[in-house]
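**Q** Turn this into a structure:
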Amino acid sequence: MTDREEAVDVVLVGGGIMSATLAALLTTLEPTWRILLVERRDALAQESSNAWNNAGTGHAALCELNYTPERPDGTVDITKAIRINEQFELSRELWHYLATQGRLPGGTGFVTTTPHMTFVRGAQNVQYLRRRHQALVTHPLFAELEFSDDPDQIATWAPLLLTDRDPAEPVAATRAASGTDVDFGALTRALVEDATRHGTQVLLEHEVTRLRRHRDGWRLRVTDRRWNGGRPRTVHARFVFIGAGGGALPLLQKSRIPEIKGYAGFPISGQFLRTTHPALVAAHQAKVYGKADIGAPPMSVPHLDTRTVDGQDALLFGPYAGWSMKFLKHGSWTDLIRTVRPANLVPMLAVGLRNLDLLTYLISEVTATPTRRLRALRAFMPTAHPRDWELVTAGQRVQVIKRDPTHGGVLEFGTELITAADGTIAGLLGASPGASTAAAAMVELLERCFPDRAQTWAPQLREMMPSLGGGQWDESFELDHLVDEQVTSDR
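**A** Next up, the predicted model:
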């Protein structure tokens, strides 16, 4: 029995927000291209793009303190915050464009206006937050950011933070009223549905199990994972994008491109406490980020978030970090072992030796008792009662480990785009800020992998995302085409 063979222009591996965003761009720029999306699960957005597997913050660096580190002289570095905010604006511009073209119809409910707040305790942290605010508001993108160290004012923004709190404890908060909550699962499904209307073929419960260079592109073996699946497919593609989250590293290794040598992954899992108690949800309408514990990874910054998923409001608190050898929530316990190579062994060992405090922190988190988890929640919400909250498992995140000439290896907490020298294959590694910056990541991919078409595509890309051409974000646009009207009116 021989494989079925077909030829396409582009294969997108993984049914998450990255592949969906690239599909939206390519179906606009090259409407005649044949595009195939392959997803190993039985539905789209089942891993990191799933709404319950991520914070859904709409990362704009409005509330995340790890994007604004304090320098040795006490000043606050806002460089990364500005860059991430600009990247998120690109995503918003792309969504706005697609909505105005009728490709993301109103009422889809994947974006909800939700204030972004930062909340800190203790005199030293209050002073830091004040300096952070003073630095950020000098930039137009953060001009609306409010600061207060008045408990009464903070209580009007987020009552649950101050109810029954010790009045002698110094507190401070910042607030950006125009922050967002994004259901990236709903957004992914909407983008892929639009892509299918424009000719993209989607294969669910299929997996790319082999890929090799072939002539001017790639030859992929696509296996049907269904119990009654047919024979495998052989797909010839001119370009391959691997946007498979934790599954990206193993596939890039299978491609044997030299650019992936030396890269490894460090998986971190997480859990959240969740409540849908009507009174609690009604009393807290904000995403509130605090400061991470000493030794904690940046993605473990505690936050008490309003989430809107499929039209239902809930509160999440966490994450409580953990560790697993799986690279995907629905992956295998052998994922980590199967990615060890002679070329990445030294970086992995170097990172392990230089991050013993991180390993100690993860062990303490894994062994945390319900009482300890509740204590962490009560640092944000003093009146929290265990009967109102349930523990839910979030998605897996695979942090990037790569070679470092000085230390042998370094652990990265951002995302990294890996592209072959000839531009025929690319993959995205890493986690936060991830989904929120999908548009910026995919534009970078287009520039690096299709340099011969960059000039031709530039006018259309600027029409879709005006700030690419140095234009200004339209401040009059308030997500009208994107926000679920019912959810908004309920608030």
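**Q** Helices of the stretch 301-450 of the chain, residue ranges please.
**A** 335-338, 342-354, 356-366, 370-380, 438-449 (DSSP state H, counting those that start in this stretch).
**Q** Could you pull out the buried residues of the longest one?
**A** I take that to be helix 342-354. Neighbour counts over helix 342-354 (16 or more other CB atoms under 10 Å) mark N344, P347, M348, A350, V351 as buried. To be clear about C-beta, it is placed using only N, CA and C from the backbone, and glycine gets the same treatment.
**Q** For L12, find the nearest of the helices of the stretch 301-450 of the chain.
**A** helix 438-449 (10.6 Å; CB to CB).
**Q** Could I get the buried residue list for the helix or strand that the closest one is followed by?
**A** Per DSSP states H and E, the first helix or strand lying C-terminal to helix 438-449 is helix 454-464. Buried residues in helix 454-464, counted by 16+ other CB under 10 Å: W457, L461, M464.
**Q** per-residue confidence averaged over helix 454-464?
**A** Average pLDDT, helix 454-464: 94.
**Q** re earlier: any idea which of the helices of the stretch 301-450 of the chain has the lowest pLDDT on average?
**A** helix 356-366 (a mean of 76).
**Q** could you say what helices and strands that helix packs with?
**A** Contacting helix 356-366 under the criterion 3 or more CB pairs under 8 Å, 6 or more residues apart in numbering; DSSP states H and E are the following elements: strand 312-322.
**Q** What strands flank the strand it packs on, and is each parallel or antiparallel?
**A** strand 264-275 (antiparallel), strand 303-309 (antiparallel) (DSSP bridges).
**Q** what's the closest of the ones you listed to Y128?
**A** When the strands paired with strand 312-322 are compared (using CB to CB), the closest one is strand 303-309, at 17.3 Å.
**Q** Need the contact partners of that closest one.
**A** 51-52, 55-57, 63, 109, 112, 114, 160-161, 181, 183, 185-186, 281, 284-290, 313-318, 377, 380-381, 484, 487 (CB atoms under 8 Å, 6 or more residues apart in numbering).
**Q** Bridged to the residue lying closest to E144 once chain neighbours are set aside, which residues?
**A** Nearest residue to E144, sequence neighbours excluded (CB to CB, 6 or more residues apart in numbering): A176, at 6.0 Å. On the basis of DSSP bridges, A176 is bridged to H116.
**Q** For A176, list the residues it contacts.
**A** A176 neighbours (CB under 8 Å, 6+ apart): A60, L62, C63, P115, H116, M117, F142, E144, L145, E146.
**Q** Local confidence estimate at the second one?
**A** Meaning L62. At L62, pLDDT is 93.
**Q** same check, this time on the last one
**A** At E146, the pLDDT value in this model is 98.
**Q** now it, nearest residue through space, not along the chain?
**A** E146's closest residue in space is R175 (CB to CB, 6+ apart), at 4.7 Å.
**Q** looking at it, that neighbour is touching A286, isn't it?
**A** Yes: if you go by CB atoms under 8 Å, R175 and A286 touch, sitting 7.5 Å apart.
**Q** Touching both of the two, which residues are there?
**A** Common neighbours of R175 and A286 (CB under 8 Å, 6+ apart) are P115, H116, M117, W157.
**Q** Of these, which is the most crowded?
**A** H116 (27 neighbours; other CB atoms under 10 Å).
**Q** Could you report the neighbour count for F142?
**A** So F142, with other CB under 10 Å, has 21 neighbours.
**Q** and the contacts of strand 303-309, which are buried?
**A** 51-52, 55-57, 63, 109, 112, 114, 160-161, 181, 183, 185-186, 281, 284-290, 313-318, 377, 380-381, 484, 487.
**Q** Please flag which of the residues you listed sit within strands.
**A** Using DSSP state E, T112, D181, K287, V288, Y289, D313, A314, L315, L316, F317, G318 are the members of these that sit in strands.
**Q** Pick the one among those closest to A45.
**A** Closest approach between these and A45, by CB to CB: D181, at 15.9 Å.
**Q** looking at it, that closest one is touching K287, isn't it?
**A** Yes: with contact defined as CB under 8 Å, D181 counts as touching K287 (6.7 Å).
**Q** Let me see the confidence value for E475.
**A** So, for E475, pLDDT stands at 45.
**Q** Need the per-residue pLDDT for E6.
**A** pLDDT, E6: 91.
**Q** so which helix or strand takes in the nearest residue to it once chain neighbours are set aside?
**A** Distances taken as CB to CB, 6+ apart put V235 closest to E6, at 5.7 Å, once the chain neighbours are dropped. V235 is part of strand 233-242, with elements assigned from DSSP H and E.
**Q** For that strand, give me every contacting residue.
**A** So strand 233-242 is in contact with 3-14, 18-19, 22, 36, 206, 211, 214-222, 224, 248, 251-252, 255, 423-428, 445, 449, going by CB under 8 Å, 6+ apart.
**Q** from these, which ones fall inside helices?
**A** Per DSSP state H, helices hold the following members of the contacts of strand 233-242: M18, S19, L22, A248, L251, L252, S255, L445, C449.
**Q** what's the neighbour count on the closest residue to the first one other than its chain neighbours?
**A** To tie it back to what came earlier, the one meant is M18. Leaving aside its chain neighbours, M18 sits nearest to G243 (3.5 Å; criterion: CB to CB, 6+ apart). Look at G243: counted by other CB under 10 Å, it has 27 neighbours.
**Q** can I assume A155 sits in a helix?
**A** Yes: per DSSP: H, G, I helix; E, B strand; the rest coil, A155 lies within a helix segment.
**Q** how about it, what does it touch?
**A** So A155 contacts L161, L162, T163 (CB under 8 Å, 6+ apart).
**Q** Among these, which one lies nearest to L417?
**A** Nearest to L417 among the contacts of A155, with distances taken as CB to CB, is L161, at 37.8 Å.
**Q** shouldn't that closest one be in contact with A379?
**A** No: contact criterion CB under 8 Å: L161 and A379 do not qualify, at 10.0 Å.
**Q** Next one: the residue nearest to M18 from V366, what distance?
**A** 29 Å (CB to CB, to the nearest Å).
**Q** can you check Y97 too?
**A** Taken as CB to CB, the span from Y97 to V366 is 44 Å.
**Q** who has more neighbours, the two?
**A** Legend: neighbour count by other CB under 10 Å for Y97 and V366, higher for Y97 (18 against 14).
**Q** Name the nearest residue to that one, ignoring sequence neighbours.
**A** Closest to Y97 by CB to CB, 6+ apart is M464, at 4.5 Å.
**Q** What separation do you get for that neighbour and V208?
**A** 29 Å.
**Q** okay, and the helix or strand of this structure with the least pLDDT?
**A** For the chain, counting by mean pLDDT, DSSP states H and E, helix 485-490 ranks last in confidence among helices and strands (a mean of 36).
**Q** Turn the contacts of A155 into TSV, columns for pLDDT and distance to W389.
**A** Formatted as TSV, those follow (pLDDT from 0 to 100; distance: CB to CB, whole Å):
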residue	pLDDT	distance to W389
L161	96	16
L162	96	19
T163	95	16
